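Colleague: how would this look folded up:
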Amino acid sequence: MLFNPKKVAFGRHETFILRYSWLTKGFQAIQSDPFVFSDDNATVELGVGKNMVSSIKYWLQAVKLITAKKEGGYESTDLGEKIFGKNGYDPYLEDEGTIWLIHWLLSSNPDLVTSWFWFFNNFHKQEFSSEEVTSSLVDFTAQNITTKVAKTTLKNDVNAVLRMYGRSKNNSKGIVEEALDSPLSSLGLVSQSLVGKTFKSQQGDRNNLPVNIFGYAVLEYMQTLKLNQVPIEELMYSKISVASPGAIFRLSENALITKLEELSQNFPENFELRETAGIHQFYVLESVTPEKMLDKYYSIESEARVA
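Modeller: So this is what the prediction gives:
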């Protein structure tokens with residue numbers, strides 16, 4: 001999805017970060033009642049407060065699991081059905097690969113989750129305070145977005161990003177506290193100092209990022225730009241207009257090349273890494289969709305569990 005300065009969204013999470021049970025709970029509710037989010041009994045149905053109802057709806061849209069219907073209400077997307085449907089691959093968010101997928105879907109969606117897109121795609125400082133992030137986001141919006149956004153709104157977005165991804169300082173969490181945490185904190189993309197005043201978001205190997213999920217992101221990137229070949233550098237370093245897999249997953253240069261080599265080795269009929277005129281290029285050889293990469297990933301995971 002391309003960044004459009006006239007189509008952005010800030011502060012729509014109602015200050016509530018994405019929590020473990022929300023995607024499953026909200027998706028199942030939509031399948032039973034497309035109008036559940038406008039129903040007077042929504043708080044009872046979902047077991048949360050009124051503002052949380054709006055937040056659950058927002059996060060479901062932000063990760064592209066549901067979409068608004070022309071005649072009113074909401075319906076599940078094909079991707080939503082594939083993952084969270086009755087016969088979906090991972091309806092209860094038990095597979096770490098699904099969490100990586102959600103991270104990509106969220107951070108590559110500039111229309112609905114602009115601050116998240118900006119943070120992972122365009123904010124490159126590896127150690128920082130929340131105030132520094134807010135200041136940079138204020139500058140970005142002033143320079144690139146046509147409408148004025150209140151600094152308070154941007155500060156709330158930054159706090160939400162850091163709370164959603166930052167590892168808790170307290171490692172001895174109780175069951176209730178654990179349930180309230182965001183699944184995205186498990187990815188280790190943001191860490192908080194012991195005193196809690198600074199954060200780190202550093203490049204790394206991301207050995208726990210499944211190559212098929214990485215492949216899904218690469219294919220979406222190339223589809224967005226209508227490419228069948230791309231210099232590795234462009235997959236690594238972000239542009240303001242589109243999310244790059246290297247930036248979104250916080251991969252080091254060596255880790256990016258390793259992931260691309262693994263894709264080429266695992267799917268030689270689909271991908272190839274070549275050097276042309278001194279430039280390393282990644283090629284899509286045969287038509288393969290991001291959805292097929294997901295099917296391959298979950299079929300492999302299913303076979304592994306059976307074995």
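Colleague: What separation is there between the nearest residue to W116 once chain neighbours are set aside and S21?
Modeller: Distance criterion C-beta to C-beta, 6 or more residues apart in numbering; nearest residue to W116, sequence neighbours excluded, is S107 at 5.0 Å. Where C-beta positions appear, they are placed from N, C-alpha and C, glycine not excepted. For S107, the distance to S21 (C-beta to C-beta, to the nearest Å) stands at 21 Å.
Colleague: what about the strands in the stretch 1-150 of the chain?
Modeller: 66-68, 74-76, 127-128 (DSSP state E, counting those that start in this stretch).
Colleague: deepest of those, which one?
Modeller: strand 74-76 (a mean of 19; mean count of other C-beta atoms under 10 Å).
Colleague: In its sheet, which strands sit next to it, and in what direction?
Modeller: With DSSP bridges as the test, strand 74-76 is paired with strand 66-68 (antiparallel).
Colleague: what about the strand it pairs with, average pLDDT?
Modeller: Taken as a whole, strand 66-68 has an average pLDDT of 97.
Colleague: now swap in stretch 39-50 and tell me
Modeller: 92.
Colleague: cool, stretch 152-165 as well?
Modeller: On average, stretch 152-165 scores 96.
Colleague: before we move on, what about stretch 265-284?
Modeller: 92.
Colleague: which other residues reach that stretch?
Modeller: The contact list for stretch 265-284, computed with C-beta atoms under 8 Å, 6 or more residues apart in numbering, reads 211, 215, 218-219, 222, 228-233, 235, 257, 260-261, 263-264, 285-286, 288.
Colleague: For it, what is the distance to the chain centroid?
Modeller: Its chain's C-alpha centre and that of stretch 265-284 lie 26 Å apart, by C-alpha atoms, centre = their mean, to the nearest Å.
Colleague: so which of the strands of the stretch 1-150 of the chain comes closest to L137?
Modeller: strand 127-128 (11.4 Å; C-beta to C-beta).
Colleague: quick one: strands adjacent to the closest one?
Modeller: strand 199-200 (antiparallel).
Colleague: Name the nearest residue to G73, sequence neighbours excluded.
Modeller: P34 (3.5 Å).
Colleague: ah, wrong one, I meant I17
Modeller: Nearest non-adjacent residue to I17 (C-beta to C-beta, 6+ apart): M164, at 4.2 Å.
Colleague: mind listing what that neighbour touches?
Modeller: 17-18, 182, 184-185.
Colleague: what do you get if the cut-off is 6 Å, keeping everything else the same?
Modeller: 17, 182, 184 (C-beta atoms under 6 Å, 6 or more residues apart in numbering).
Colleague: Any chance of CSV for the residues you listed, columns distance to G72?
Modeller: Formatted as CSV, the contacts of M164 follow (distance: C-beta to C-beta, whole Å):
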residue, distance to G72
I17, 28
S182, 30
L184, 31
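Colleague: Out of these, grab the one that's most surrounded.
Modeller: Using other C-beta atoms under 10 Å as the neighbour criterion, L184 leads the contacts of M164 with 24 neighbours.
Colleague: ok so that one is a strand residue?
Modeller: No. Secondary structure assignment (DSSP: H, G, I helix; E, B strand; the rest coil) places L184 in helix, not in a strand.
Colleague: roughly how far apart are it and E272?
Modeller: L184 sits 32 Å away from E272, going by C-beta to C-beta.
Colleague: if we can go back for a sec, hmm, which of the contacts of stretch 265-284 are the buried ones?
Modeller: 211, 215, 218-219, 222, 230, 232, 235, 257, 260, 263-264, 288 (16 or more other C-beta atoms under 10 Å).
Colleague: can you pull out the helices in the stretch 101-250 of the chain?
Modeller: Along the stretch 101-250 of the chain, counting by DSSP state H, counting those that start in this stretch, helices occupy 114-122, 130-144, 151-165, 175-180, 211-224, 232-236, 245-248.
Colleague: what's the least confident helix or strand in the protein, going by average pLDDT?
Modeller: helix 175-180 (a mean of 43; mean pLDDT, DSSP states H and E).
Colleague: what does stretch 127-146 rub up against?
Modeller: Under C-beta under 6 Å, 6+ apart, the answer for stretch 127-146 is 5-6, 8, 118, 123, 149, 151, 154-155, 158, 162, 198-200.
Colleague: my bad, stretch 99-110
Modeller: With C-beta under 6 Å, 6+ apart, stretch 99-110 has contacts from 1, 3, 62-64, 113, 116-117, 120, 183-184, 209, 213, 217, 243, 248.
Colleague: In JSON lines: the buried ones among the contacts of stretch 265-284, plus distance to Q28.
Modeller: Shown next, in JSON lines, are the buried ones among the contacts of stretch 265-284 (distance: C-beta to C-beta, whole Å):
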{"residue": "V211", "distance to Q28": "30"}
{"residue": "G215", "distance to Q28": "29"}
{"residue": "V218", "distance to Q28": "31"}
{"residue": "L219", "distance to Q28": "29"}
{"residue": "M222", "distance to Q28": "33"}
{"residue": "V230", "distance to Q28": "38"}
{"residue": "I232", "distance to Q28": "41"}
{"residue": "L235", "distance to Q28": "36"}
{"residue": "I257", "distance to Q28": "41"}
{"residue": "L260", "distance to Q28": "37"}
{"residue": "L263", "distance to Q28": "33"}
{"residue": "S264", "distance to Q28": "39"}
{"residue": "V288", "distance to Q28": "31"}
